[in-house]
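Novice: Coordinates for the following, if possible.
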Amino acid sequence: MKRFFKPIEKEGSAKKPSLSPSKQGTINGEAQPVPEEDIKKELLKFVTWNANSLLLRVKNNWPQFSNFISNLDPDIIAIQEVRMPAAGSKGAPKNPGELKDDTSSSREEKQILMRALSSPPFGNYRVWWSLADSKYAGTALLVKKCLQPVKVSFSLDRTASKHEPDGRVILAEFETVRVLNTYAPNNGWKEEENSFQRRRKWDKRILEFVVQSSDKPLIWCGDLNVSHEDIDVTHPEFFSAAKMNGYVPPNKEDCGQPGFTLAERKRFGAILKEGRLLDAYRYLHKEKDMESGFSWSGNPIGKYRGKRMRIDYFIVSDKLKDRIAACDIQGHGIELEGFYGSDHCPVSLQLKEESKEAN
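Specialist: As a prediction, this is how the structure comes out:
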């Protein structure tokens, strides 16, 4: 979610992690060969997390997050808001699939990040990037080396060489399932090209994607920047009445906190319905949980203290619903325990093994 009230730490202000260097787990974004006997066939455990700057998390919170990943042992880790710039010098075309390293500072930052991602437990994963031109937005997808995606692409039209603006999409195709990692653009507060209009276009394209992708089960995760129902926020009245500098949109359905406007919620409902998808967390957790039922939290100081939203999801095809074993929000409380320095906490999904009868 867009940070419009949270201070940003200085990226050079913390100590570098003392981690041993290692090579990146991909070559030009393509999966490297794995011996047949080492290939795992089924995806069962997943984590999604908006890191709110992966570099800052590496510098400040990596031991705790590494321990969390070691204990959970997910097959796939989807990360949003990486906020690392794409490769390419100033004024030159950028490569959104590679980290910038053409200056001394960018080389240092890349080294810090890749050392962290090659240390346990992350050395067991390959990583794919989709990055913006600057330290903004961006996504990463970490897949265990014992798993083999058939194809990895970076746009909603499944074009491998094309990346969505700001690196908002990574789509991994496996034999039996698609995994979509997205960082949805924030709705903003105004009827402008980079606010309401941008979000409407995004939602339209997502709807088209899920309808056209019904040939294979979908697991869609990420910071979707929407709270579908009143139960998905701590204070519905507060978020419904929220304004920025007193501005009131001309359409009443666009009023309120970005992510909780009626227009966004209606469009999200249509995406679920038309795509025959379900919200895995809400499928298992029917009641409102004021302690652990929200994945994003406002600044603990000021009017947003204690104001929380559930905007990070696992959305799965209806045909997978009987295999949902668990879907949990890993952080809790207004003091952001389990958020690992971000204003979002990880969300996890676990599936049951596919029954042989289904094959």
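Novice: Report the separation between Ala263 and Ile170.
Specialist: 27 Å (Cβ to Cβ, to the nearest Å). Yep, even glycine has a C-beta here, placed from its N, CA and C like the rest.
Novice: of those two, who's got more company?
Specialist: Ile170 (30 against 19; other Cβ atoms under 10 Å).
Novice: Can you classify that one by secondary structure?
Specialist: Of the three states, Ile170 takes strand under DSSP: H, G, I helix; E, B strand; the rest coil.
Novice: where's it relative to Ala51, distance?
Specialist: 14 Å.
Novice: ok, residues contacting stretch 279-296?
Specialist: 1, 50, 228-229, 231-234, 272, 308-316, 321, 324, 326-329, 331-333, 343-345, 347, 349 (Cβ atoms under 8 Å, 6 or more residues apart in numbering).
Novice: where does this protein dip in pLDDT?
Specialist: Per-residue confidence for the chain (pLDDT under 70) gives these ranges: 1-40, 356-359.
Novice: residue nearest the centroid of it?
Specialist: Centroid check for the chain by Cα atoms, centre = their mean gives Gly222 as the closest residue, at 3.0 Å.
Novice: show me the residues around that one that make contact.
Specialist: Contacts of Gly222 by Cβ under 8 Å, 6+ apart are Thr48, Asn50, Ala78, Gln80, Thr139, Leu180, Asn181, Thr182, Tyr183, Ala184, Asp312, Tyr313.
Novice: pretty sure the last one is in a strand, no?
Specialist: In other words, Tyr313. Yes: according to three-state DSSP, Tyr313 belongs to a strand.
Novice: Contacts only, for it.
Specialist: Tyr313 neighbours (Cβ under 8 Å, 6+ apart): Thr48, Trp220, Cys221, Gly222, Leu224, Asp279, Ala280, Tyr281, Val347.
Novice: Buried ones from the contacts of stretch 279-296, can you make that a ChimeraX selection?
Specialist: To isolate the buried ones among the contacts of stretch 279-296 in ChimeraX, judged by 16 or more other Cβ atoms under 10 Å, type:
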select :1,50,228,232,233,234,272,308,309,310,311,312,313,314,315,316,324,327,328,329,331,332,333,343,344,345,347,349
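Novice: Which of the contacts of stretch 279-296 fall within helices?
Specialist: Among the contacts of stretch 279-296, the members falling in helices (DSSP state H) are Leu272.
Novice: Mind checking which of the contacts of stretch 279-296 are in strands?
Specialist: Of the contacts of stretch 279-296, the ones assigned to strands by DSSP state E are 50, 308-309, 312-316, 324, 326-329, 347, 349.
Novice: and stretch 164-178, how far apart are its ends?
Specialist: 18 Å (Cα to Cα, to the nearest Å).
Novice: Run the chain-centre distance for that stretch.
Specialist: 11 Å (Cα atoms, centre = their mean, to the nearest Å).
Novice: Which positions in it come out as buried?
Specialist: Residues of stretch 164-178 classed as buried: Glu164, Asp166, Gly167, Arg168, Val169, Ile170, Leu171, Ala172, Glu173, Phe174, Val177, Arg178 (neighbour count, 16+ other Cβ under 10 Å).
Novice: Relative to His163, how far out is the closest residue to the first one other than its chain neighbours?
Specialist: What that stands for is Glu164. Nearest in space to Glu164, with sequence neighbours left out and distances taken as Cβ to Cβ, 6 or more residues apart in numbering, is Ser155 at 5.1 Å. Counting by Cβ to Cβ, the gap from Ser155 to His163 is 6 Å.
Novice: more neighbours, these two?
Specialist: With neighbours defined as other Cβ under 10 Å, Ser155 and His163 compare such that His163 has more, 25 against 19.
Novice: which ones are touching the residue nearest to Glu164?
Specialist: Lys162, His163, Glu164, Val169, Leu171.
Novice: my read: the last one touches Arg158, true?
Specialist: In other words, Leu171. Yes: contact status for Leu171 versus Arg158: in contact at 6.4 Å, counting by Cβ atoms under 8 Å.
Novice: For the two, list the residues in contact with both.
Specialist: Here Leu171 and Arg158 have no joint contacts, going by Cβ under 8 Å, 6+ apart.
Novice: Leu99: which of the contacts of Gly222 is nearest?
Specialist: Minimum distance to Leu99 across the contacts of Gly222 is 13.0 Å, recorded for Thr139 (Cβ to Cβ).
Novice: for that closest one, what are its contacts?
Specialist: Thr139 touches 78-80, 82, 129-130, 167-170, 181-183, 222, counting by Cβ under 8 Å, 6+ apart.
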